[in-house]
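>>> predicted model and sequence follow; I will ask about them next.
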Amino acid sequence: MASTSTSSIEKKSFKYDVFISFRGEDTRKNFVDHLYYALVHKSIHTNYIDDERITRGKRISDDLITAIQDSRLYIIVFSKNYASSSWCLDELVQIMEECHKSTLHTAYPIFYDVEPTEIRKQSGPVGEAFSKHENQDPSAAKWRVALKEVADLAGFELKNTLDGHEAKFIEKIVEEISLELRFIDSSVDGKLIGIESRVKGVVSALETGTDDVRMIGIKGMGGSGKTTLARAEFDHTSGWFEGNSFKYDVFISFRGEDTRKNFVDHLYHALRHKSIRTYKDDERITKGKTISDELIMAIKDSRFYIVVFSKNYASSSWCLDELVQIMEECQKTTIHTAYPVFYDVEPTEIQNHSGSVAEAFSKHETQDAAAAKRRQALNEAADLAGFELKNTLDG
């Protein structure tokens, strides 16, 4: 990646740290949505113009060109339909022109569901998407050059990074962007350079794994940051102490094949980022095995439960046994609370065991003695106040 000196940055003040170029129909509500909020959460000033608002056939405006010029770094999210949009391709040409003009700019290609060679050679789905421009648009030649140039840059390829886990992939991208911006003032929203290492030092000294009381004094000259460090330490650790003996704040129950590498991955890392102690277990499960004593103990040792209902959740006896245990814990005491999340199914499908849920559940109906209590647990969970993805924040 290109490096930048402090003196170079002082010569130009950028309005935005990052500009994201992407094809809305492919990545608006999933990858780009998560990436945008991860960058903003790190106080990285990020701009993108969603092509959902673009008038069909319209070329990029002067405002967009200015936004690109006023951005320090560019993230280009290549997806299968990126090259079908003349707007995206015009953005890309403008981005590459800015990179040619000045070493202050750096472009990061993200190969979301396409390979670098497909962008470089305009082959596969990229070739199909690009073909409609070939003989119809005079800009096709410079678009092709821009695609080849950006594909030759060092970037990130989802399928070959961290086993395709989107949340971890996004963390890696944000870490790289943060590193590139390390010389830019990052004190926005109270984010202070160097505070994290100091907080970690205090946490280490606290030895939070022990049972006895710990007291730490912070001393220093006036104005040296004692109060700031104490405040940061409190913000970091206050969530750990709620007057209870729970080992975990949250236990996530989910069907791995449906949500492990997308929704649950993002949810888990978002909770952990907020210092919420979270338990999830799915990949280590032996097929056909009933839930272990260790897992039952993890459920009992959790304060809250998030149950992510997806199309194949009810096909797993493991998931259903988890749900039964969760609902039993909720009935024993009001200390526990379960939150159903209806990811790609509706509450009525869980409640009535209809649609895709019925298909998934049907294999247990006559074969498993536990089917009745699993059915009851599904009914009870569906009646709780929860979250339905398709009806929340436009999905």
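Nice, thanks for sending it over. Just so we're clear, the structure is a prediction, and the values are computed from it rather than from any experiment. Numbering: from 1, shown residues only.

>>> quick check: Phe387 vs Tyr279, distance?
According to Cβ to Cβ, to the nearest Å, Phe387 stands 19 Å off from Tyr279. Every C-beta, even on glycine, is put in place using the N, C-alpha and C of the backbone.

>>> ok, those two, which is more surrounded?
A direct count of neighbours by other Cβ atoms under 10 Å for Phe387 and Tyr279 places Tyr279 higher, at 18 against 14.

>>> specify the local secondary structure of that one.
strand (DSSP: H, G, I helix; E, B strand; the rest coil).

>>> number the residues from 9 up from this point.
Okay, residue one is now 9; in that scheme the one you just asked about reads as Tyr287.

>>> please name the bridge partners of it.
Counting by DSSP bridges, Tyr287 forms beta bridges with Phe259.

>>> apart from its neighbours in sequence, what residue is nearest Val40?
Spatially, and ignoring its direct neighbours in sequence, Val40 is nearest to Phe30 (4.8 Å; Cβ to Cβ, 6 or more residues apart in numbering).

>>> same check on Glu388?
Met335 (5.2 Å).

>>> what strand or helix carries that neighbour?
helix 325-340 (DSSP states H and E).

>>> elements contacting that helix?
Counting contacts by 3 or more Cβ pairs under 8 Å, 6 or more residues apart in numbering; DSSP states H and E, helix 325-340 is packed against strand 256-261, helix 301-308, strand 310-317, strand 345-350, helix 379-390.

>>> which parts of it are buried?
Buried residues in helix 325-340, defined by neighbour count with 16 or more other Cβ atoms under 10 Å: 325-335, 337-338.

>>> for the residue nearest to Val40, what are phi and psi?
phi -160, psi 170 (degrees, to the nearest 10).

>>> list the contacts of Tyr256.
Going by Cβ atoms under 8 Å, 6 or more residues apart in numbering, Tyr256 touches Arg285, Thr286, Tyr287, Ala306, Asp309, Ser310, Arg311.

>>> hmm, who's touching stretch 262-279?
38, 42, 171-176, 178-179, 257-258, 260, 286, 288, 290-291, 293, 314-316, 318-321, 323-324, 327, 351-352.

>>> ok, 7 Å please
Applying Cβ atoms under 7 Å, 6 or more residues apart in numbering, the set of residues contacting stretch 262-279 from outside is 38, 42, 172-176, 179, 258, 260, 286, 288, 290-291, 316, 318-321, 324, 327, 351.

>>> quick check: which ranges of the stretch 109-258 of the chain have low pLDDT?
Of all residues in the stretch 109-258 of the chain, those with pLDDT under 70 make up the ranges 142-145, 190-208, 211-212, 214-222, 230-233, 235-236, 239-253.

>>> report the secondary structure state of the residue lying farthest from the centre of the chain.
Here the centre of the chain is the reference, and by Cα atoms, centre = their mean the most remote residue is Met229, at 40.9 Å. Secondary structure assignment for Met229 (three-state DSSP): coil.

>>> same question for Tyr45.
helix.

>>> look up how far Ala91 lies from it.
Note on Tyr45: its distance to Ala91, by Cβ to Cβ, is 26 Å.

>>> what about these two, which has more around it?
Ala91 (28 against 14).

>>> got a list of what the more buried one touches?
Shown in contact with Ala91 (Cβ under 7 Å, 6+ apart): Leu97, Gln130, Val134, Ala137, Phe138, Leu155.

>>> please identify the helix or strand for the fourth one.
Under the assignment given by DSSP H and E, the secondary-structure element containing Ala137 is helix 132-139.

>>> can you show me the helices along the stretch 9-158 of the chain?
14-18, 32-35, 39-49, 70-77, 94-109, 124-129, 132-139, 148-159 (DSSP state H, counting those that start in this stretch).

>>> quick one: buried residues of the longest one?
Across helix 94-109, burial judged by 16+ other Cβ under 10 Å covers 94-104, 106-107.

>>> burial measure for Lys140, as a count.
Counted with other Cβ under 10 Å, Lys140 comes out at 13.

>>> and Val315, by the same measure?
26.

>>> so in terms of bridging, what pairs with it?
Beta-bridge partners, per DSSP bridges, of Val315: Ser261, Pro348.

>>> how about it, what does it touch?
Applying Cβ under 7 Å, 6+ apart, the residues near Val315 are Ser261, Leu331, Ile334, Ala346, Pro348, Val349, Ala389.

>>> about what we covered before: and the residue farthest from the centre of the chain, how far is that from Ser325?
63 Å.

>>> I'd say Ala390 and Gln359 touch.
Yes - the criterion here is Cβ atoms under 7 Å, and Ala390 meets it with Gln359 at 3.8 Å.

>>> ok, the two, which is more surrounded?
The neighbour count for Ala390 versus Gln359, taken as other Cβ under 10 Å, is higher for Ala390 (22 against 15).

>>> how about that one, what does it touch?
So Ala390 contacts Pro348, Pro355, Ile358, Gln359 (Cβ under 7 Å, 6+ apart).

>>> mind redoing it with 8 Å?
Pro348, Pro355, Thr356, Ile358, Gln359.

>>> likewise Asp25?
Leu47, Ile52, His53, Thr54, Ser79, Arg80, Leu81, Ile185, Leu189, Ile192.

>>> in TSV, list the contacts of Ala91 along with distance to Lys167.
What follows is the contacts of Ala91, written out as TSV (distance: Cβ to Cβ, whole Å):
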residue	distance to Lys167
Leu97	23
Gln130	19
Val134	15
Ala137	19
Phe138	21
Leu155	19
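
>>> which one of the residues you listed is nearest to Asp34?
Minimum distance to Asp34 across the contacts of Ala91 is 10.1 Å, recorded for Ala137 (Cβ to Cβ).

>>> my guess is the closest one contacts Asn89. True?
Yes - the pair Ala137 / Asn89 is scored as a contact, 5.4 Å apart, by Cβ atoms under 8 Å.
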